[in-house]
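Enquirer: please find the sequence and the predicted model below.
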Amino acid sequence: MEQGGTISIAALQLMDDNQESNQSPMARGLVGTKNLFQLERYSLTLHPCADSIIVHGWTETFPLQVLKMSHDPFTSSPFYQSAVGQLMSVSEHVDLQRGVLERLTVPKRTITVSIPVRMDDGSTRMFLGTRVQHSLTAGPGKGGLRYAPTVDVGEVAALAMLMSWKCGLLGLPFGGAKGGINCNPREMSIGELERLTRRFTQEITPFIGPNVDVMAPDVGTNPQVMAWIYDTYCMTVGNVCPQIVTGKPLEIFGTVGRSTATGCGVVYCIEEASKVMKLQLREATAVVQGFGNVGSITARELQERGTKVIGVADISGHYLRPGGFDIPALIDHTDRNGSLEGFPGIAADKVGMKEFFAAECDIMVPAALELQVTGEIARNLKCRIFAEAANGPCTPEADQYLRDKKEDILVIPDILCNAGGVTVSYFEWVQGIQMFFWSAEEVDSRLQQLIRRAFLRTLTIANTRNVDMRTAALILGVQDVGAEKQVRGLFP
Ligand code: NAD
C-alpha cells in the first residue's frame with residue numbers, strides 16, 4: 001500500500017440498480033470502508049462494463065483523474081457514440097448478420113489499471129491507464145498508446161474501434177486496440193514518464209503479447225516510451241521479444257521509416273486525391289492543424305512536393321501566414337523548444353481556431369485530436385481536399401455536412417488517411433518475427449503499394465455505390481472484420 005490509511009467507499013452501484021443479485025463477490029466485498037490497496041487491486045482493475053461497477057463516495061485522498069475514468073463508462077462518451085454511429089451507418093451496406101454487427105458495437109476486452117508513480121518530489125501519485133481490445137478476430141490487437149490529460153475510457157474505446165476498421169481496410173492481420181493513460185506528459189519529468197510507462201506495462205503484461213496485443217506510439221508518446229515498454233516486457237518474460245511493440249528506436253529492432261510512416265501515408269493519399277480533384281500539388285496551398293509526429297511530417301512532405309503550407313497549429317495556438325511557412329525551420333524549432341511558440345515572427349500570425357479552419361486553401365489537414373471540426377467549422381471550410389490525418393477529427397454534425405458536400409470537398413477518411421502508421425508497424429512486427437530487416441526503399445515501396453491500393457479500393461466503392469469516401473472506407477473495413485467473425489461463428 002503506497003499511501004497508507006483507509007478510504008471510505010459509501011456504495012458500489014451496479015449500472016442497473018435493479019440487478020443486485022448480479023453483484024460479483026468482489027463488488028460485495030468492497031462495500032464499506034476499505035483501504036486503498038484493495039481498491040486498487042479489485043475495484044479499479046475491473047472494467048466498468050465487465051462487472052458494471054461505478055464507485056461512489058470517494059474521499060479527498062482519491063485522485064481526481066482516477067474518478068474521471070472509473071465513474072464514466074465508455075458508452076456515455078460522445079466520441080464512442082460517434083464511432084458506434086459510424087458503424088451503424090454502414091449496417092445496410094454490408095453483408096453481415098445482425099448479431100455480428102451487434103458484437104462489433106462493444107469492445108471485446110477493456111482493461112483498466114491503476115498506476116502508482118513515485119514523483120520526483122518524493123510523493124506518490126495515482127494515474128489510471130486503460131487498454132481496449134475492440135476485436136482480436138483477425139490477429140493480435142494493434143493500436144497506439146496515448147498520454148494526454150483528456151484520455152478516458154470512451155475515447156480509448158472509440159479509437160480501438162477505428163483501429164479495427166483500419167486494419168480491415170488495409171488487409172492487415174491485426175485486430176483493433178488502443179491504450180491511454182490520463183496524464184499530462186508535458187508536466188512530467190523524463191524519470192516520472194519512465195516510471196509511469198514501466199509500471200503500466202507491468203500491470204497490463206498479462207493482457208498483451210506479440211500474438212495478443214501490440215502497442216505503438218500515439219499522441220504524447222514516442223519511440224523512447226516504446227523502448228521502455230519493450231525493455232520492461234523483455235525483462236519480465238526473460239528474453240528479447242522485438243514484436244511486443246512497434247515504433248521502437250532503430251537500436252532495438254525498430255524499422256526504418258516508422259517515424260515518418262503516418263505523415264507519408266497521409267501525403268500518398270493526398271497525391272491520389274489530387275488526381276481525382278485535378279489539383280497540382282506544386283501549385284497548391286495547405287493548412288495543417290497539429291505539429292507533432294503526424295502533422296509535421298505531413299507538412300514537410302507537402303512542402304517537398306511544392307505545396308505552400310500557409311497554416312500550422314499546435315497546443316500553443318493556430319497560425320496563418322499567406323506567404324507560407326518554412327517547415328524544416330519550424331520542425332527544428334519545435335524539436336528544440338517543444339512547441340511552435342517563440343518561432344520568429346509567428347506571434348503575429350496567430351488566429352482563432354475558426355479563422356484557421358476557414359482559411360482559403362486547397363488542402364486542409366486536421367492532424368491533432370478528435371472532434372476538432374464541428375458543424376459550424378465544417379460549413380466554413382474552403383478547401384477541396386480534407387485529409388483526416390487525426391483519428392476522428394469531425395463531430396457527427398460535421399461529418400454529415402461533408403457527406404452532403406461530397407461533390408465539392410473530397411474527404412480522405414481517417415481510417416484510410418492515417419493508416420500509414422499501422423501499415424509500417426505491421427512491417428516492423430513482421431521483421432521482428434523473422435529477425436530479417438528491410439531497407440528504407442523496401443519499406444517505402446510496400447507502404448505506397450498498400451496505401452494507394454486502399455485509396456483506390458475506397459474510391460471504387462464510393463463511385464460504384466454512390467456513397468461518400470468515409471462510408472466507402474467503413475464498408476470495406478467493417479465488412480472485412482465482420483466477415484471473419486461471421487465465418488468463424490460464435491463460440492461456444
Ligand atoms: P503528437 O503528440 O506527436 O502531436 C499532436 C499535436 O497536436 C501536437 O503538435 C500538439 O501540440 C497538437 N495539439 C494538441 N491539442 C491541440 C489543440 N487543442 N489544438 C491544436 N493542436 C493541438 O501526436 P501524433 O502522433 O502526431 O498524433 C496526431 C493524431 O494522429 C492523433 O489523432 C493520432 O491518434 C493520429 N495518429 C497518429 C499516428 C502515429 O503514428 N503517431 C498514427 C495514426 C493516427
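Expert: It's in. Residues are numbered from 1 along each chain as shown.
Enquirer: give the contact list for the residue nearest the centre of the chain.
Expert: For the chain, Leu159 is the residue whose C-alpha lies nearest the centre (Cα atoms, centre = their mean; 5.0 Å). Contact analysis of Leu159 by Cβ atoms under 8 Å, 6 or more residues apart in numbering lists Val132, Gly143, Gly144, Arg146, Lys178, Gly180, Asp218, Glu370, Asn391, Gly392. No exception for glycine: its C-beta is placed from N, CA and C like everyone else's.
Enquirer: among the residues you listed, which are in helices?
Expert: In helices, defined here by DSSP state H, there are no members of these.
Enquirer: tabulate the residues you listed (JSON lines), appending distance to Gly311, pLDDT and neighbour count.
Expert: Listed next are the contacts of Leu159 as JSON lines, based on distance: Cβ to Cβ, whole Å; pLDDT from 0 to 100; neighbours: other Cβ atoms under 10 Å:
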{"residue": "Val132", "distance to Gly311": "33", "pLDDT": "97", "neighbour count": "31"}
{"residue": "Gly143", "distance to Gly311": "29", "pLDDT": "97", "neighbour count": "33"}
{"residue": "Gly144", "distance to Gly311": "25", "pLDDT": "97", "neighbour count": "27"}
{"residue": "Arg146", "distance to Gly311": "24", "pLDDT": "98", "neighbour count": "25"}
{"residue": "Lys178", "distance to Gly311": "28", "pLDDT": "98", "neighbour count": "31"}
{"residue": "Gly180", "distance to Gly311": "28", "pLDDT": "98", "neighbour count": "29"}
{"residue": "Asp218", "distance to Gly311": "23", "pLDDT": "94", "neighbour count": "26"}
{"residue": "Glu370", "distance to Gly311": "19", "pLDDT": "92", "neighbour count": "23"}
{"residue": "Asn391", "distance to Gly311": "20", "pLDDT": "93", "neighbour count": "27"}
{"residue": "Gly392", "distance to Gly311": "21", "pLDDT": "93", "neighbour count": "25"}
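Enquirer: from those, which land in strands?
Expert: Val132, Gly143, Gly144, Arg146, Lys178, Gly180 (DSSP state E).
Enquirer: and which of those is nearest the ligand?
Expert: Comparing those against the ligand with Cβ to the nearest ligand atom picks out Gly144 as the nearest, at 6.0 Å.
Enquirer: touching, the closest one and Val214? I think so.
Expert: No. With contacts counted by Cβ atoms under 8 Å, Gly144 stays clear of Val214, the gap being 10.5 Å.
Enquirer: how far away is the residue nearest to the centre of the chain from Val219?
Expert: Note on Leu159: its distance to Val219, by Cβ to Cβ, to the nearest Å, is 10 Å.
Enquirer: give me the common contacts of the two.
Expert: Residues touching both Leu159 and Val219 (Cβ under 8 Å, 6+ apart): Gly144, Arg146.
Enquirer: got the residues of the stretch 51-200 of the chain near the ligand?
Expert: For the stretch 51-200 of the chain, the residues found near the ligand under the criterion Cβ under 6 Å from any ligand atom are Gly144.
Enquirer: which stretches of the stretch 51-200 of the chain have low pLDDT?
Expert: Regions of the stretch 51-200 of the chain meeting the criterion pLDDT under 70 cover residues 51-75.
Enquirer: avg pLDDT for the helix or strand harbouring Val365?
Expert: Under the assignment given by DSSP states H and E, the secondary-structure element containing Val365 is strand 363-366. Confidence over strand 363-366 (mean pLDDT, whole number) is 98.
Enquirer: let me know how buried the nearest residue to Gly209 once chain neighbours are set aside is, in neighbour terms.
Expert: Take Gly209 and drop its neighbours on the chain: the residue closest to it by Cβ to Cβ, 6 or more residues apart in numbering is Ile244, 7.0 Å away. Burial of Ile244 is recorded as 28 neighbouring residues (other Cβ atoms under 10 Å).
Enquirer: now do Ile244 against Ile181, distance only.
Expert: When Cβ to Cβ is applied, the distance between Ile244 and Ile181 equals 18 Å.
Enquirer: quick revisit: report the buried residues of the strand holding Val365.
Expert: By 16 or more other Cβ atoms under 10 Å, the buried positions in strand 363-366 come out as Ile363, Met364, Val365, Pro366.
Enquirer: now those residues in CSV, with distance to Gly209?
Expert: As requested, these are arranged in CSV below (distance: Cβ to Cβ, whole Å):
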residue, distance to Gly209
Ile363, 40
Met364, 39
Val365, 35
Pro366, 34
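Enquirer: farthest pair in those?
Expert: Across the buried residues of strand 363-366, the longest distance by Cβ to Cβ is 11.2 Å; it joins Ile363 and Pro366.
Enquirer: just checking, Ser316 touches Asn337?
Expert: No. With contact defined as Cβ under 8 Å, Ser316 and Asn337 do not form a contacting pair (9.7 Å).
Enquirer: the two: which has the busier surroundings?
Expert: More crowded of Ser316 and Asn337, by other Cβ under 10 Å: Ser316, with 18 against 12.
Enquirer: chain neighbours aside, what residue packs nearest to the more buried one?
Expert: Spatial nearest neighbour of Ser316, chain neighbours left out: Glu341 (3.9 Å); criterion: Cβ to Cβ, 6+ apart.
Enquirer: can you count the residues close to Asp95?
Expert: Here the number of neighbours of Asp95 (other Cβ under 10 Å) works out to 9.
Enquirer: understood, closing this out.
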